Each structure stands twice: as C-alpha cells, then as structure tokens.
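**Q** Pasting a predicted model and its sequence here:
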Amino acid sequence: MRRSLKIGLVSFAWGDEHRGGLETHVHGIAHDLRAIGHQVFVHCVNTTGSGERFATRGWMDNGIQIQEMNYCYEDTKCLMDFQRVPQAEVILEHWVNHHQLDLLDFHHNLFFGIRAIATLSKSLPCVATLHDYWTLDPRGQLFSNQNTIIDPTDHESWEQNALQTWPYQTAKSLESSEYYQSHHNHSNLRSSRPLSLKTAWTQYSDHCLKHAAAVISPSRQAAHIHQLHGITSPIQTIENGLNLVFSRESLSREKQSSAPATHNKIRIAILGTIAPHKGQLLFCQACLQSDLHNIVAIQLHGPCPTSYHGNQSSQLAIKHISQDHPDVVTLQGPYDRADLPFIFSQTDLVAMPSLWHEVYGFVAREALAYGLPIITTNAGGLSALEGQEGVFTLPMMEPNRWSDILSLGFSEGPLYRWVYRRRQHRPVPSDHLRDVEACASDLSRIYHSVIETSSHQSTQTAIPNGRPST
C-alpha cells in the first residue's frame, strides 16, 4: 500500500456560498483524497474586498485544513500583474513549509498567478490542473465580445476583450510592448514583428507550466484547445468525477403522483450563471422563432449579472424576453447545490447550450446522473457525451439552425419520446458517468508517480551519473 501524502490543493474558493462546478469538484476531490488516506490542505481566496489585502485566516472542514487569502487583483497595473502575484507566492511558500506538504496541485491559478507554479516547484513537486482557459485568456473562456470563439490566430479579438474588461492594464501593456519594440529596432538589432498580447500571455503561461511535474485536463477536447493555442507541455487527461447531492437515477424514486399531466408544457431547465458564452439567450430565441414556444417552458436557474465583462446587451436581452414572454421564459435566480434534486424533479429536460469550448460540463452530467435527458451543444468537453442515450446535440457553431433542429427533435426525433419516458420515471442510463471517487483515485496515482519521479531525479542530481563519487 502506498504511503499517505500531505497534499495541497490551490483553488478559487471554498464554502457553501460558492456554487460553481470547479468549487464543488475540488470540494469532492479533497474529501475523497482524505477518505483514501491522504492528508489534505486547501488554499483559496476571499475576493470580496473585505479585510486587509493578503491577510489570511484558517479553519477546519471535516478534517481538511483550509487557509484563505484576501485578494482580488485590486493593485494590478498591467496584464502581467495577473500572471505574477509575488505576495501570494510568499504566502503559498510559507503555507507549504509550515505544513511540510509533499505535493501541490493548482486547480486554479486565478489570484495566485501562473508564476506561482514555477516559484513553488523549487520547493516541492507541483501539478497544474487546467479547468478553464485562463492560461490562454485572462477572461478564461476564449470567447469574444462579438460572441464568437477566439481562434488561435485571432489576436485582435483577444486584445479587444482585454481592453473592454481591463482598459487601464491593457493600455499600459500595449504601451510597454510598443516601447520595447521601438527600443529593440533603435538598437540596430534584428527587426521582428512585436509579440501580440495574446502570444505574450500564452508564452509566459507555457514557460511557467514547464515547471509543473504534471499538467492535467479534464477532457481530451480541452487539452487539444490548449495545444492549438500554444501550450507545448504534455497534457494528461483525467476526467472529472461527479460530486452528487442526490443518489444515482433519482428519477426512478420520484413519487408517481408528481408526474404532470401529459398536456402540460415540456419543462426545460438551464442551470448556471447567465452569460453570452453559456448560450441561454440564443437557445431561448431559437424556441421563440418556431412553434416550440407553444409546447415548452424554459426556466433559467442561476444569477443574472448586470453585464458580462462590461457588456450589458446580452443580459438585457434575456431579461426583456422573460418580461415579454413570461409563459415561455422564467428567470428563477440563484440556487444552491442542495436545490438540485428539487429543480431536477420539476424538469423534463436539462439544456446546456454552450457557445464556448466547455472544459467539462458538470451540469449536463449531473442531469444525466439524476436520470434526465439533456440538450447540449458539441462544445469542447460536452462533445464526449454525443451519441449517448438521452443526449440531444446541437451544433455549437450553427445557432441559426437550432430552431429547426429542435423542432425536428420534438416532432420526429427522440426528444418527445424521452420526455414521455421521463414522466414515467424511467431514467436515462448513467453508468458511463464517473464518480468523484474514481477521479480522486486517478489523481492519487498521479501524485505518487510525480513524487517518485521527483525523488529519483533528486537522487540523480545529488550523485553525478548515478554513481558514488570517489
């Protein structure tokens, strides 16, 4: 039996008030790593702006030691300040040394900076788990202000995104780049095209990831996107696992009396923060453009921020639709994870119409685990579900066809049949979905391998050529 390890997990947040898939995944991973014998320590951030900057506090959560740092990027002067946070690195180093950790797994570099991997790797083996595209795009989604995917060569859209979200820091970065290039040419060195901010960001991320003993992605599709945009480190795929708040196939255990009359509208739930890249607006518009508005009722569960990185148009449009068509679209507001069983019990179909390359797609898989059929796009990690029973797929790149495809799916395709089966409490099979326990087991194996390799390399360094010195 392999020895127990002291594992540090660096994550964005910890606590019941954080409802995102990443936060709940790390929560499940931490507890399952502890369940198989490891000691687990979590470092997260408080971004509320309350309290002294970089102050920390700690507490215990069912045997897991948590430390939280106050920071929300309030002191950034250029884009590079997002990637390098020296004081956060000092805090992490002190935390690692205090607990004598064996390994550090960065599940999110936000607020700690990508350079933290390079810095901390001098003290202990580090793993980087890429849950989004922050190493490629400071907004994390590779989704443009024009509501399109940012391609690897689309440097202008990347720059415009940054200017809209961080005008001061981006302008300073552009000025620095122009000054450097002017000085570069003035010194009679070879002239070359200046690095775009997109390239500079990615190359720095790639440099820092080289210091990670292992780089992990939850899906092959997301790993491929990272490589297309310039990440050259080898990326392993370890699929996430589900940390469920209900038992598998809970649909079959619903009370028979809760089934609605067959003539009621088909209830479609879309869960998650309302934002352009999540596709809620285009999905609702597709249903309103056809006769579907007569047979479906769409419930949007999740917060609706006033803007998306400063752009209010999409948010206002979805609010206007809900006001003009309250019988078709309803904004239900934020929800807690504990509410998922109730939401799913009141739902016939769950839709996840993403327009960005989803790294994994927790909500779609949680709905399948409950036993519900789903409607998704073939976006990133969601494409791995394509062809499974109970999964209806829309083309991510062709939202103008969604209305026709959905109409056909309800009239001649499987959607109406799946809704009928759902109302008979006959769940969609979910045997192909992983539990968080399987993910924790795979991570444990990787951690041991990384530590063994690191120990071997240290020995080889201490003894030149692998032989004792004379």
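**A** All right, it came through fine.
**Q** what sits up against the helix or strand containing His94?
**A** According to DSSP states H and E, His94 maps onto helix 86-99. Outside helix 86-99, the residues within contact range by C-beta atoms under 8 Å, 6 or more residues apart in numbering are 6, 8, 10, 41, 43, 54, 56, 65, 67, 69, 71, 101, 104, 111-113, 115-116, 119-120, 123-124. To be clear about C-beta, it is placed using only N, CA and C from the backbone, and glycine gets the same treatment.
**Q** hmm, 7 Å instead?
**A** 6, 8, 41, 43, 54, 56, 67, 69, 71, 104, 111-113, 115-116, 119-120, 123-124 (C-beta atoms under 7 Å, 6 or more residues apart in numbering).
**Q** Which strands or helices does the following helix or strand past that helix pack on?
**A** Of the helices and strands lying after helix 86-99 in sequence (DSSP H and E), the nearest is strand 103-106. If you count contacts as 3 or more C-beta pairs under 7 Å, 6 or more residues apart in numbering; DSSP states H and E, strand 103-106 packs onto strand 6-10, strand 126-129, helix 436-462.
**Q** just the buried members of the contacts of helix 86-99?
**A** Neighbour-count burial (16 or more other C-beta atoms under 10 Å) applied to those gives 6, 8, 41, 43, 56, 67, 69, 71, 104, 111-113, 115-116, 119-120, 124.
**Q** what comes into contact with stretch 272-282?
**A** Here stretch 272-282 makes contact (C-beta under 7 Å, 6+ apart) with 141, 143, 147, 270, 300, 302-305, 308, 314-315, 317-318, 353-356, 363, 377, 399, 402.
**Q** tell me the average confidence for the helix holding His94?
**A** For helix 86-99, mean pLDDT is 98.
**Q** Please give me every residue in contact with Tyr308.
**A** Ala275, Pro276, Ser314, Gln315.
**Q** right, I mislabeled it, should have said His211
**A** Contacts of His211 (C-beta under 7 Å, 6+ apart): Ile117, Ala118, Ser121, Cys126.
**Q** And for Ala30?
**A** Neighbouring residues of Ala30 by C-beta under 7 Å, 6+ apart: Leu9, Val40, Val42, Ile64.
**Q** Tell me how far it lies from Thr129.
**A** Distance of Ala30 to Thr129, given as C-beta to C-beta, to the nearest Å: 13 Å.
**Q** which neighbours do these two share?
**A** Joint contacts of Ala30 and Thr129 (C-beta under 7 Å, 6+ apart) do not exist.
**Q** Where does pLDDT dip in the protein?
**A** Across the chain, the ranges flagged by pLDDT under 70 are 1, 16-19, 178-193, 256-263, 456-470.
**Q** Show me where it has its strands.
**A** Per DSSP state E, the chain carries strands over the ranges 6-10, 39-46, 56-61, 64-70, 103-106, 126-129, 214-217, 236-237, 266-271, 296-301, 329-333, 349-352, 374-377, 391-394.
**Q** quick one: strands adjacent to the fourth one?
**A** In this case it means strand 64-70. strand 39-46 (parallel), strand 56-61 (antiparallel) (DSSP bridges).
**Q** Tell me which of these is the most buried.
**A** Counting by mean count of other C-beta atoms under 10 Å, strand 39-46 has the highest mean neighbour count of the strands paired with strand 64-70, with a mean of 22.
**Q** Identify all contacting residues around that one.
**A** Residues outside strand 39-46 that contact it (C-beta under 7 Å, 6+ apart) are 4, 6-14, 30, 33-34, 64-71, 92, 95, 99, 101, 111.
**Q** go again using 8 Å as the cut-off
**A** With contact meaning C-beta under 8 Å, 6+ apart, strand 39-46 is reached by 4-14, 26, 30-31, 33-34, 63-72, 92, 95, 99, 101, 110-112.
**Q** and the gap between the residue nearest to Cys72 when sequence neighbours are not counted and Val428?
**A** Closest residue to Cys72 apart from its sequence neighbours, by C-beta to C-beta, 6 or more residues apart in numbering: Thr47 at 4.1 Å. As judged by C-beta to C-beta, Thr47 and Val428 stand 37 Å apart.
**Q** Also Asn145?
**A** For Asn145 relative to Val428 (C-beta to C-beta), the value is 37 Å.
**Q** Mind checking which of Thr47 and Val428 has more residues around it?
**A** Neighbour comparison, Thr47 and Val428: the larger count goes to Val428, with 21 against 16 (by other C-beta atoms under 10 Å).
**Q** With adjacent residues omitted, what lies nearest to the more buried one?
**A** For Val428, ignoring the flanking residues on the chain, the nearest one in space by C-beta to C-beta, 6+ apart is Gly390 at 3.2 Å.
**Q** got it, and Gly37?
**A** Of all residues beyond its chain neighbours, the one nearest Gly37 is Ser4 (4.8 Å), with distances taken as C-beta to C-beta, 6+ apart.
**Q** before we move on, what about Ala222?
**A** Closest residue to Ala222 apart from its sequence neighbours, by C-beta to C-beta, 6+ apart: Val359 at 4.3 Å.
**Q** Could you pull up the residues touching that neighbour?
**A** Val359 neighbours (C-beta under 8 Å, 6+ apart): Leu130, His131, Asp132, Tyr133, Ser217, Pro218, Ser219, Ala222, Gly380, Gly381.
**Q** Among the residues you listed, which one sits closest to Ser247?
**A** Of all the contacts of Val359, Ser247 sits closest to Pro218, with 23.5 Å by C-beta to C-beta.
**Q** Touching, that closest one and Glu239? I think so.
**A** Yes. At 5.9 Å, Pro218 and Glu239 qualify as touching, with contact defined as C-beta atoms under 8 Å.
**Q** ok so, going back, which of the contacts of His211 fall within helices?
**A** Ile117, Ala118 (DSSP state H).
**Q** Serialize the contacts of His211 to JSON lines and add fields for distance to Ser250.
**A** Supplementary listing: those in JSON lines, determined by distance: C-beta to C-beta, whole Å:
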{"residue": "Ile117", "distance to Ser250": "39"}
{"residue": "Ala118", "distance to Ser250": "45"}
{"residue": "Ser121", "distance to Ser250": "43"}
{"residue": "Cys126", "distance to Ser250": "38"}
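**Q** got a winner among the contacts of His211 for most neighbours?
**A** Using other C-beta under 10 Å as the neighbour test, those are led by Cys126, with 28 neighbours.
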